[in-house]
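S.K.: Task: produce atomic coordinates for the following.
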Amino acid sequence: MNTQRNRVWAAAAAGLLAAIGMAGAHPASSPTAGVVAPSGASAAGLIVADTPDQLIFKDGRIIEGKVLEETATQVRFLVVVAGISGEQTYNKADILAIERGPVAEEADSPPMGSTMLGAGDHPDHPDAADEAGENAPGVYVLELTGKFGRDIAPTPIRNAIKDAAKHRPDYLIVVLDNAWENRWGQEMSDDQGAAFDQLFQTEDIEPIFTKELPEILGYKPKIVFWVKNAMGGAAFLPLNFDTIYFSSDGRMGGIGNLTEMFGTTGDERVREKQFSLRMGHARGMAVRGGYDTKIVKAMARTDYVLSYRIENGKVVLVEGMPNTDLGEHLLTDDGAGENVDNIQELARGLGNDTLTLDAEIAAILGLSKGTVDDLDSLLYELDIDRNHRMIDGRGERIMTQWGRQLESAERGLRDLWKKYNETQVQGEYRERQAARARQMQLLMKIKSLLEKYGEVYKVRLLKLPPGGLPGIPQIEVMIEQLRQEQMRDRP
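M.R.: Predicted coordinates for the structure are as follows:
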């Protein structure tokens, strides 16, 4: 009797699948998976309502039943035809619309091994307690710490981005916290060590995010910058992106020396041309991120006066001193005469000759989307706190390894230069030839290390031996001179 009943249900299931069609079904779905008795109770322990959910397909088919689970790419659906139900999985790419009926009534107890899905469990419900699955957005976090141009450099960032691409992230969160310190490791104030020309280092890094990563992936992930410290050249990098958050003590600036870079003497038109050239690069970054270029100008030039007011909830930037009758507020003055920031104001971070953005001002000016102090809060602001996958990538290890390699190279340069200077060309012919050959070998190794870490060397952040090293062109001349001496010193 049981065997006969099973055959009847198998035949009914076959008829059900024939009625709904296999097009759009998940390849792994079994033709008889989830088939249940005609009582109308689903395998998920739900009673299908009188007005069921509907899947409306792009080819015109309409299937009625109950949505059991919905992901970014698929829908698991309890199909009901002539009182017989069965589960199928459909690709969202084939579905035009999902029409939902009233909330299903819960059965007294769900069958063993099934999952109860109520209204509060659906991903679109505000009380959902989502569990991240394979289709949840992938989040890759890349921390950029240390000195900009040294630790934060194109090569390690490019390697970290390649690692991120292997995991195909939906979100790339870049935590920017660069060191703002002098050569003795002492923390600098906002306007100390201003480094506008580090802009060109940013231009070497920005395409890695905006061009190389999308080319590898074939799509553009959402790139989010979380600013903890973005000083000097690092201040330009977030400007290239439309989603920036600040930490409570975050700051962004340290580029306010543009008008002082070329002195105060000589042809003013020539100096202004240089200013305009550099500002053109900086403005291009702000435009790419969708920010008002006046903000960058206020960050860069001490002679630029900028104020703001709020109109209808939006900020309006005004060039010039504020009109208090209009409720305007000063951001930066002209830094001239009595407006020059004194040493006490600079030390307390209260100077206003150039603009340094903090979390509050960045939010007012619309440059920051919000202020967050932990990753969970950032994920909440991005609206993915309850449905995401944290990707365990190698980014942190890659950045750390780069720092160790730099230190190893610097030790190697000190050792090689010392050995070069200790090698004396003297004695018999063979001894002289061997000494010169050793010197050439040492110089070629030095040249090789300088070239390998050229991106750090060219910005003068590679720690050289005491007294420095000859430049690469000079090393090439020294090697050629040694070769000529070898040829002349023949018996």
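
S.K.: what domains does the record give for this structure?
M.R.: Using automatic domain parsing, the domain ranges for the chain come out as 2-121, 138-393, 405-488.

S.K.: So which of those domains is the most surrounded?
M.R.: The highest mean neighbour count among the domains of the chain, using mean count of other Cβ atoms under 10 Å, belongs to domain 138-393: a mean of 18. (Glycine included, C-beta is placed from N, CA and C.)

S.K.: Would you tell me which of the domains of the chain gets closest to Met399?
M.R.: When the domains of the chain are compared by Cβ to Cβ, domain 138-393 sits nearest Met399, at 5.1 Å.

S.K.: The closest one: end-to-end distance?
M.R.: Distance across domain 138-393, first residue to last, is 11 Å (Cα to Cα, to the nearest Å).

S.K.: State the helix or strand in which the residue nearest to Val372 when sequence neighbours are not counted lies.
M.R.: Setting aside the residues directly before and after it, Val372 is nearest to Leu378 in space (Cβ to Cβ, 6 or more residues apart in numbering), at 4.5 Å. Element membership of Leu378, judged by DSSP states H and E, is helix 375-381.

S.K.: mind listing what the helix or strand following that helix pairs with, with the direction of each?
M.R.: Later in the chain than helix 375-381, the nearest helix or strand by DSSP H and E is strand 389-390. Partners of strand 389-390 in the sheet, by DSSP bridges, are strand 138-146 (parallel).

S.K.: low-confidence ranges in the stretch 1-150 of the chain?
M.R.: 1-51, 58-60, 80-85, 101-133 (pLDDT under 70).

S.K.: what residue is smack in the middle of this protein?
M.R.: Val174 (3.5 Å; Cα atoms, centre = their mean).

S.K.: Look up which residues are beta-bridged to it.
M.R.: On the basis of DSSP bridges, Val174 is bridged to Leu142, Phe225.

S.K.: Could you find the closest non-adjacent residue to Gln439?
M.R.: Thr423 (5.3 Å).

S.K.: Surely the one you found touches Leu442?
M.R.: Yes. With contact defined as Cβ atoms under 8 Å, Thr423 reaches Leu442; the gap is 7.1 Å.

S.K.: can you list residues touching both of the two?
M.R.: With contacts defined as Cβ atoms under 8 Å, 6 or more residues apart in numbering, no residue is adjacent to both Thr423 and Leu442.

S.K.: Arg436 is in contact with Glu480, isn't it?
M.R.: No. Counting by Cβ under 8 Å, Arg436 stays clear of Glu480, with 12.0 Å between them.

S.K.: how about Glu203, what does it touch?
M.R.: Contacts of Glu203 by Cβ under 8 Å, 6+ apart are His281.

S.K.: can you do 10 Å?
M.R.: Contact analysis of Glu203 by Cβ atoms under 10 Å, 6 or more residues apart in numbering lists 233, 236-237, 240, 281-282, 284-285.

S.K.: How about Leu379?
M.R.: Contacts for Leu379 (Cβ under 10 Å, 6+ apart) come out as 137, 139, 171, 173, 224, 372, 385-388, 390.

S.K.: between the lengthiest helix in the chain and strand 138-146, how many degrees?
M.R.: Longest helix in the chain, counting residues (DSSP state H): helix 395-422. Counting by axes from the mean of the first three to the mean of the last three Cα atoms, to 10 degrees, helix 395-422 points 30 degrees away from the direction of strand 138-146.

S.K.: Which other helices and strands does helix 395-422 contact?
M.R.: strand 138-146, helix 154-166, helix 429-452, helix 454-457 (3 or more Cβ pairs under 10 Å, 6 or more residues apart in numbering; DSSP states H and E).

S.K.: and the residue nearest to Val139 when sequence neighbours are not counted, what does it touch?
M.R.: Nearest residue to Val139 in three dimensions, chain neighbours excluded: Tyr171, at 4.6 Å (Cβ to Cβ, 6+ apart). Residues near Tyr171 by Cβ under 10 Å, 6+ apart: 137-141, 221-224, 243, 378-379, 382, 384, 388-389, 391.

S.K.: So Tyr171 versus Pro465, what's the distance?
M.R.: For Tyr171, the distance to Pro465 (Cβ to Cβ, to the nearest Å) stands at 44 Å.

S.K.: Same check on Arg483?
M.R.: Going from Arg483 to Pro465 by Cβ to Cβ gives 24 Å.

S.K.: same check, this time on Arg269
M.R.: 43 Å.

S.K.: do Asp374 as well
M.R.: 43 Å.

S.K.: Check Ile62 too.
M.R.: Taking Cβ to Cβ, one finds Ile62 at 78 Å from Pro465.

S.K.: now do Ile446
M.R.: Counting by Cβ to Cβ, the separation of Ile446 from Pro465 is 10 Å.

S.K.: what residues are shared contacts of those two?
M.R.: 413, 416-417.

S.K.: any chance of those residues in CSV, plus distance to Ala93 and pLDDT?
M.R.: Converted to CSV, the shared contacts of Ile446 and Pro465 look like this (distance: Cβ to Cβ, whole Å; pLDDT from 0 to 100):
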residue, distance to Ala93, pLDDT
Leu413, 56, 97
Leu416, 60, 97
Trp417, 62, 97
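
S.K.: Now the terminal residues of stretch 204-224, how far apart.
M.R.: 19 Å.

S.K.: Make 53 the first number, not 1, from now on.
M.R.: Noted, 53 is the first residue going forward, which turns the last one into stretch 256-276.

S.K.: for Tyr505, what are its contacts?
M.R.: 202, 205, 207, 454, 457-458, 461-462, 465, 513-514.

S.K.: repeat that for 7 Å
M.R.: Applying Cβ atoms under 7 Å, 6 or more residues apart in numbering to Tyr505 gives the contacts 458, 461, 514.

S.K.: Would you check how far apart it and Glu459 are?
M.R.: 11 Å.

S.K.: got it, and Val339?
M.R.: Distance of Val339 to Glu459, computed by Cβ to Cβ: 38 Å.

S.K.: show me what contacts Ile531?
M.R.: The neighbourhood of Ile531, defined by Cβ under 7 Å, 6+ apart, consists of 492, 495-496.

S.K.: Please report how far the closest residue to Lys274 other than its chain neighbours lies from Arg353.
M.R.: Counting by Cβ to Cβ, 6+ apart, Tyr223 is the residue found nearest to Lys274 once chain neighbours are left out, at 4.9 Å. Per Cβ to Cβ, Tyr223 is found 35 Å from Arg353.

S.K.: Same question for Glu462.
M.R.: Taken as Cβ to Cβ, the span from Glu462 to Arg353 is 36 Å.

S.K.: Endpoints of stretch 355-368, how far apart?
M.R.: By Cα to Cα, one end of stretch 355-368 lies 20 Å from the other end.
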